[in-house]
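Enquirer: Sharing a model that was predicted from the sequence below.
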Amino acid sequence: MNSSPASQSRVGLCCGLSLLIAGLLNPVIAASFEHRVEVELQPVSGEIRIQDQLRVEGIRELRFRLAAWLAQVEVEVDGVQVEMQRQGGDSVIALPGNGVYRIDFDMRGKVPARDQENTRELTSSSAADGVYLPGYDGWIPHPAGRLMDYQLVVSVPSAQRAVVTGKLVDEQLSDGAYRASFTGSQFTEAPSLFAGPYQLRERQWQGLRLRTYFHAELAGQADAYLEAAEGYLERYQNTIGDYPYADFHIISAPLPVGLGFPGLTYVDRRIVPLPFMRSRSLAHEVLHNWWGNAVTVDYASGNWAEGLTTFMADYGLERDKGDAAARAMRVKWLRDYSALPAARDRPVRDFRSKQHQAAQVIGYNKVAFIFHMLSLEIGQQAFDDGIRAFWRARRFARASWQDLQVAFEQAAGRRLDWFFRQWLDRAGAPRLSLGSHRVDTVDGGYRTRIEILQPVPGYRFGLDVALTTETGTERRRLFIEDRLTRLEWITPSKPGAIQFDPQSDLFRRLQTSETPPILRDVTLNPATVTLIASEQPAFAQSAQTLAGQLLDSAPHFLQPGQSREPTQPLLLITSADRLAGQLERLQLQVPGEFADVDFGAVAWTARLANNTPVLVVSAQSTAQLQALLRPLPHYGGQSYVLFDDGRAQSRGIWPLPRGALYRDLVTPN
Ligand SMILES: [Zn+2]
């Protein structure tokens, strides 16, 4: 996520830790305001003094929003004290004319102490473990939507360090204080300030200063972070264009956030040690310096930046691991999309920021998938050229979906209006199914004919097809645009099976039969019934508790002899000795993946013949079952998890079944 300066929004990490403050839109006006700011901050008490000398030109009044906690404000215009007016939520200073004026602010207050119960409220806060002063909170008097140039000096007690968005130009430790100076040029939002009992680690890379500002317990992470950051900067610099800022800092936060600001990222100190943060989320935050910070989002026409960042960072890293990993990520996106109720589906163009999971499914995942399809449509070379052209054209400017389209059209040398319109303006996705097929012997071999049906009309897309014959697999790419497409394919050897979209390259709505079942299919459904199978009262007791923790709504227990409706999802909790008998009644089998593995307990999903999902939890003992109480509810997105003494030994999502786009071909002898 990024700090989206123009919109003044803040969004949490991809892991879903945090939230956003949705913002307002203000047009950026070209003339820049010049600030010279001095900040004296006592992080422990929150006491702060801010002096700002502002040079303005060509305005009759200065209108801005000022943080309410700045209790004492004195203002002089060209050395003459003036009164600041309050109008609604705004502060206003009337100027004698529209010439050049110097406005001096001297402001004092106390940064609110952090409410440790409610750290999700991302406004300014202070505590001994860190101070957060986001630019959008109005601690510098600056009119919204105006570019700003600034020189800022901040001083804190010597045990603390402070850092501000912008370029670090100087720092000193003297007289019991740490002082650091920063400059910023043509910034689209006021600087944000971060202070805390930080330990610094630094390295230089191609003239950039890379730094960590970490809490003491994270000192051992610093080098690995700097090295990872360097790798990501190099990667995106090579693919897109030069890194747009002077420094890059990684700051540990005493808040549950993962935020990107121009030239720095601010990450929950508890998340910093987790492997995914450095190996994936950091890449995402680094890339936001290009998409979101240096090229800002024209929110009125939709937010393209999260999806493009997800595609180039999160997905790009999966692609490095190979085709299978990249495909697995696309399948996960399709799986998540298929779980989105149609009523909550929205056109991509409506996405502004992540306010809930549904928005992530569209604004991050679907958009990333669209960029994947675009790269297949126009080719990797044209895609890469388009990205670089877009960067050159829109660097330090606002950009819309239309700007992206123009860049890709020029790179591809053709119109892509149909592509962008169908994927951005329409909610939903293509649905595909196969109609009748026929295989005949003809001169020189076999002729396979098969129908591809598109019940939702009007989508146009490329579709790969793999035809497996006795001698190997042949591949083709079709272009689908009609409701009914007839494929005819002559092969010298006998065809056995045909698979459309074998690599899951098309964003489409999966049919139920194609989506691997996950725990959530059972646990989120209010119609789910629970069956407990065990001779032992203690086991049954624990099973009831587990059902209560797993299910989203109060459990309905099936009594002995009572049967359920065929379409009601089933949660079966059974002792290992009763498992075989229960599965036989359901006509299910223990999955081959762990039929021969020793484990203490296991949870796995399956679908009955009528597609109803089932979640089976079996344990070798009451103790093994009890050990699931705490961990199991965290694995809702998995198809199976194996446990020993409550520790997950392995887990995963079932492979995507061959499903609706696979057909065994019946061939005449
Ligand atoms: Zn992001």
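Expert: Received it, and whenever you're ready, just let me know what you need. These numbers were taken from a predicted model, which means no experiment stands behind them.
Enquirer: List the contacts of stretch 406-415.
Expert: Residues outside stretch 406-415 that contact it (C-beta atoms under 8 Å, 6 or more residues apart in numbering): L374, I378, G379, A382, F383, D385, G386, I387, A389, F390, A393, L416. Every C-beta, even on glycine, is put in place using the N, C-alpha and C of the backbone.
Enquirer: Just among those, which is most surrounded?
Expert: Among the contacts of stretch 406-415, F390 has the most neighbours (other C-beta atoms under 10 Å), with 26 neighbours.
Enquirer: Which positions in the stretch 251-400 of the chain make contact with the ion?
Expert: Applying C-beta under 5 Å from the ion, we find that the stretch 251-400 of the chain lies next to the ion at E306.
Enquirer: Same list (the contacts of stretch 406-415) but as TSV, adding secondary structure and pLDDT.
Expert: Listed next are those as TSV, based on DSSP: H, G, I helix; E, B strand; the rest coil; pLDDT from 0 to 100:
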residue	secondary structure	pLDDT
L374	helix	98
I378	helix	97
G379	coil	97
A382	helix	98
F383	helix	98
D385	helix	98
G386	helix	98
I387	helix	98
A389	helix	98
F390	helix	98
A393	helix	97
L416	coil	98
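Enquirer: which two of the residues you listed lie the greatest distance from each other?
Expert: G379 and A393 (20.5 Å; C-beta to C-beta).
Enquirer: Need the phi and psi values for A554.
Expert: phi -60, psi 130 (degrees, to the nearest 10).
Enquirer: G548 is in contact with that one, correct?
Expert: Yes. Using C-beta atoms under 8 Å, A554 is in contact with G548, at 7.5 Å.
Enquirer: Look at the two and report which has more neighbours.
Expert: Neighbour totals were compared for A554 and G548, and G548 leads with 12 against 8 (other C-beta under 10 Å).
Enquirer: Which helix or strand contains the more buried one?
Expert: helix 537-550 (DSSP states H and E).
Enquirer: Check which residues of that helix are buried.
Expert: F539, A540, S542, A543, L546, A547, L550 (16 or more other C-beta atoms under 10 Å).
Enquirer: repeat for stretch 276-295
Expert: Here stretch 276-295 shows 277-278, 280-295 as buried, counting by 16+ other C-beta under 10 Å.
Enquirer: Could you do stretch 108-123 as well?
Expert: Going by 16+ other C-beta under 10 Å, stretch 108-123 has these buried residues: G109, V111, P112, R114, T119, L122, T123.
Enquirer: Which pLDDT does the model give the residue of the chain positioned farthest from its centre?
Expert: No residue in the chain sits farther from the centre than D443, which is 54.3 Å out by C-alpha atoms, centre = their mean. pLDDT recorded at D443 is 92.
Enquirer: so where does the closest residue to V367 other than its chain neighbours fall, helix or strand?
Expert: Spatial nearest neighbour of V367, excluding adjacent residues (C-beta to C-beta, 6 or more residues apart in numbering): G307 at 2.2 Å. Secondary structure from DSSP H and E places G307 in helix 305-309.
Enquirer: Show me what that helix packs onto, helices and strands only.
Expert: In this structure, helix 305-309 packs against helix 367-378, with contacts taken as 3 or more C-beta pairs under 8 Å, 6 or more residues apart in numbering; DSSP states H and E.
Enquirer: Spatially nearest residue to the residue of the stretch 451-600 of the chain found nearest the ion (excluding sequence neighbours)?
Expert: Closest approach of the stretch 451-600 of the chain to the ion (C-beta to the ion) occurs at F507, with a separation of 19.8 Å. Counting by C-beta to C-beta, 6+ apart, F507 lies nearest to F369, which is 4.5 Å off, once chain neighbours are set aside.
Enquirer: wait, isn't the one you found in contact with R508?
Expert: No. The pair F369 / R508 is not scored as a contact, 9.8 Å apart, by C-beta under 8 Å.
Enquirer: Between those two, which contacts overlap?
Expert: L334.
Enquirer: What ranges does the stretch 501-650 of the chain have for its strands?
Expert: Using DSSP state E, counting those that start in this stretch, the strands of the stretch 501-650 of the chain run over residues 529-533, 556-557, 570-575, 601-607, 613-619, 640-644, 647-652.
Enquirer: sorry, back to before: possible to save the buried residues of stretch 108-123 as a markdown table with secondary structure and distance to the ion?
Expert: Listed next are the buried residues of stretch 108-123 as a markdown table, based on DSSP: H, G, I helix; E, B strand; the rest coil; distance: C-beta to the ion, whole Å:
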| residue | secondary structure | distance to the ion |
| --- | --- | --- |
| G109 | strand | 32 |
| V111 | coil | 27 |
| P112 | coil | 27 |
| R114 | coil | 24 |
| T119 | coil | 20 |
| L122 | coil | 15 |
| T123 | coil | 21 |
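Enquirer: Output the below-cut-off pLDDT ranges for the stretch 401-550 of the chain.
Expert: By pLDDT under 70, the stretch 401-550 of the chain has no low-scoring segment.
Enquirer: residues in contact with the residue nearest to V367?
Expert: V348, F351, G363, Y364, N365, K366, V367, A368, I370, F371 are the contacts of G307 under C-beta under 8 Å, 6+ apart.
Enquirer: ok, so of those residues, who is nearest the ion?
Expert: Of those, the one sitting nearest to the ion (C-beta to the ion) turns out to be Y364, at 7.5 Å.
Enquirer: Can you tell me, leaving aside adjacent residues, what's nearest to Q405?
Expert: Excluding its sequence neighbours, the residue lying closest to Q405 (C-beta to C-beta, 6+ apart) is F420, at 4.9 Å.
Enquirer: could you dump the helix or strand hosting that neighbour to PDB, C-alpha only?
Expert: Assigned by DSSP H and E, F420 belongs to helix 417-420. Presented in PDB, the C-alpha positions along helix 417-420 are these (Å, rounded to 0.1, in the frame of the first residue of the first chain):
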ATOM      1  CA  ASP A 417      -9.700   0.500 -26.200                       C
ATOM      2  CA  TRP A 418     -11.700  -2.700 -26.300                       C
ATOM      3  CA  PHE A 419      -9.300  -4.300 -23.800                       C
ATOM      4  CA  PHE A 420      -9.400  -1.500 -21.200                       C
END
